[in-house]
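Asker: Provided below for reference: sequence and predicted model.
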Amino acid sequence: MDRPPNILVVLSDEHTAAAAGWAGHPHVRTPHLDRLAAQGVSFDRAYTNSPMCVPSRLSLMAGQYVHQIGAWDNGVIPGPSYRTWGHHLREAGYTSVIAGRTHFNGPDRLLGFDKRLTDDLDFWLDHSGRPPRRTPDWRRPTNSHVTEQGTGAHVHTQHDIATTDAALDFLRAPGDDPFLLYVGYMHPHFPLVAPPEFRALYDAADVELPSVADDQHPVISLLRHGFRNDEPLTEEQIREATVCYWALISHLDHQIGQLLAAVPDDTVVIYTSDHGEMAGHHGIWQKQCFYDPAVRIPLLLRHPALTPDRIDAHVSLIDLLPTLRDIAGLASDPALPGHSLLDPTDRPVLSEYHAQGMLDGGFMLQSGPWKYCYYGAANPPQVFNLDNDPLEQNDLSGDTALVHRLDAELRLLLDPDATDERAKSDQAARMAVSTRG
């Protein structure tokens, strides 16, 4: 058997799909990622399986849906049965290495990988297992996720530079075995404090101010209230927050450019993000919802055997592990619900949210042009036709026949009501344990 190729996977935090040069954004500068996109395959309808950091990352690493592994919220600590890319690729003789942000909670900093070069920032890690409080009166302490903005030094920037340095050191002497190198960056995650030289690339006057509907879905209204997104911002704050977000993406691109320069052309390279960023659309900053800026993510794959292309098939982060197994020469694993991106097929995408800001579980089915959002029997759903309404401003949930059809399709993947009850039960048990502790 031929030696399988080396693999570099780069994961950013909170990079929405549209905010990139290769995606057609008129202002965001991503020259290194643009070059990677030109050399490989861009999956233009890629989605996260949860618009929340830890659930998304645990899902993508396990190749399992959130509900399959109980990754409900940012307090989840993986149990002993949790299996990652590292466990899987060991079968093919790979050495698996982590550099930077993984957002793994708990004392196990490897979770099946062989080596860790640098770790997460301590203040992002939760070792208590405490779940979020999901009550109507819950509110984020401040709206600093948008109002903490401008230029300056920040620990996230320092983390990303140190992560790049550690990854480059490894790439200079990776050893004899084929390797899987995962590099995790903080940027462009808030706070929106950008290095001055990258902020200088942008003019706040170029920002197109997002529109916010007066009459919003009740679940979205509560979510906005919980995360203090209903607190008024000045036009200057919106413009500055947006260009700082762009600047953080450009700094991320600069870091990735250094990695790409250090690997030969026969190295398989994958770039993606854990979820997107609403950046003011629908009056929301951060993510935690199913509008496209929050759930649609960049996904690039460069493989020597693939012809550069743009793919419209719906794919999601659970497809990464089957892809890695395929690249490594391993047989497909029937326990994994995803599908290898080396031979992509258009299939419905499922995304879930079970955390603060929503009293009941949220579920998104993306199928063809249709997006169906289910928030429990007590709440109205949302339905959008993204082909005709890419900004998701025209809710079609009044079409009863359409809702019934999409709801039936969602229930082929899971029982949303039973899943919601299971999530709440698990969170209640974890809350009781953490409170006693």
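Answerer: In hand now; what should we look at?

Asker: which residue sits closest to Gln286 in space, ignoring its chain neighbours?
Answerer: Spatial nearest neighbour of Gln286, excluding adjacent residues (C-beta to C-beta, 6 or more residues apart in numbering): His145 at 5.4 Å. Where you see a C-beta, it was placed from the backbone N, CA and C, and this is true even at glycine.

Asker: pull up the gap between that neighbour and Arg109, please.
Answerer: 27 Å (C-beta to C-beta, to the nearest Å).

Asker: tell me which of those two has more neighbours.
Answerer: Neighbours per residue (other C-beta atoms under 10 Å) separate His145 from Arg109, with His145 holding more: 20 against 13.

Asker: name the SS class of that one, please.
Answerer: helix (DSSP: H, G, I helix; E, B strand; the rest coil).

Asker: wait, what's in contact with it?
Answerer: By C-beta atoms under 8 Å, 6 or more residues apart in numbering, the contact set of His145 is 190-192, 227, 285-286.

Asker: by neighbour count, which of these wins?
Answerer: Highest neighbour count within the contacts of His145: Leu192, with 28 neighbours (other C-beta under 10 Å).

Asker: okay but it is in contact with Glu148, surely?
Answerer: Yes. Leu192 is within contact range of Glu148, at 6.7 Å (criterion: C-beta atoms under 8 Å).

Asker: which parts of the longest helix along the chain are buried?
Answerer: The longest helix of the chain (DSSP state H) is helix 235-262. By 16 or more other C-beta atoms under 10 Å, the buried positions in helix 235-262 come out as 237-257, 259-260, 262.

Asker: beyond that helix, next helix or strand please.
Answerer: Remark: after helix 235-262, the chain's next helix or strand is strand 268-273, criterion DSSP states H and E.

Asker: and that next one, what does it pack onto?
Answerer: strand 7-12, helix 31-39, strand 299-302, helix 320-327 (3 or more C-beta pairs under 8 Å, 6 or more residues apart in numbering; DSSP states H and E).

Asker: among those, which is nearest Cys373?
Answerer: Cys373 lies closest to strand 299-302 among the helices and strands packed on strand 268-273, at 21.7 Å (C-beta to C-beta).

Asker: name the residues that touch that closest one?
Answerer: If you take C-beta under 8 Å, 6+ apart as the criterion, strand 299-302 is touched by 22, 33, 36-37, 39-43, 46, 268-272, 315, 323, 341.

Asker: mind checking which of these are buried?
Answerer: 22, 33, 36-37, 40-43, 46, 268-272, 315, 323, 341.

Asker: distance check, the closest residue in space to Glu148 that isn't next to it in sequence against His225.
Answerer: Nearest non-adjacent residue to Glu148, counting by C-beta to C-beta, 6+ apart: Pro191, 3.9 Å away. The gap separating Pro191 from His225 is 21 Å, by C-beta to C-beta.
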